[in-house]
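> Below: sequence and its predicted model.
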Amino acid sequence: MVIHMEQIDPPTDPLARVVDQARRERGLSWRGLAEEAAIPKTTLNRFARGGRDLTVTELNRIAAVFGTTTSALMAQSEDVAA
């Protein structure tokens, strides 16, 4: 069975929820985010589904796409988790 990235259920992990919200606010698909951040689509797919954490490098690239910092994304995820 093939799961397309746009068919992913909303993430439950706080950091994945922050990334999901930020990408939607910018009108990006998961595929578009993967391309802009130069991260394999499969990596973001697994991250969004809760099957994989991001590396610091991957998170830095995502933060750069959003025009923010890794620290800011992490702080937002802590707020979401609280």
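Everything's here; your move.
> and residue 60, how many neighbours?
Neighbours of residue 60 under the rule other Cβ atoms under 10 Å: 14. (Glycine included, C-beta is placed from N, CA and C.)
> separation between the closest residue to residue 80 other than its chain neighbours and residue 36?
Nearest non-adjacent residue to residue 80, counting by Cβ to Cβ, 6 or more residues apart in numbering: residue 14, 4.2 Å away. Counting by Cβ to Cβ, to the nearest Å, the gap from residue 14 to residue 36 is 22 Å.
> Test my guess that the residue nearest to residue 80 contacts residue 75.
No. Residue 14 lies out of contact with residue 75 (Cβ atoms under 8 Å); the separation is 10.8 Å.
> Mind checking which of the two has more residues around it?
Remark: of residue 14 and residue 75, residue 14 carries more neighbours, 16 against 13, as counted by other Cβ under 10 Å.
> What values do phi and psi take at the more buried one?
phi -60, psi -40 (degrees, to the nearest 10).
> per-residue pLDDT, the residue nearest to residue 80?
Looking at residue 14, its pLDDT is 92.
> ditto for the one 5 residues further on
On pLDDT, residue 19 comes in at 95.
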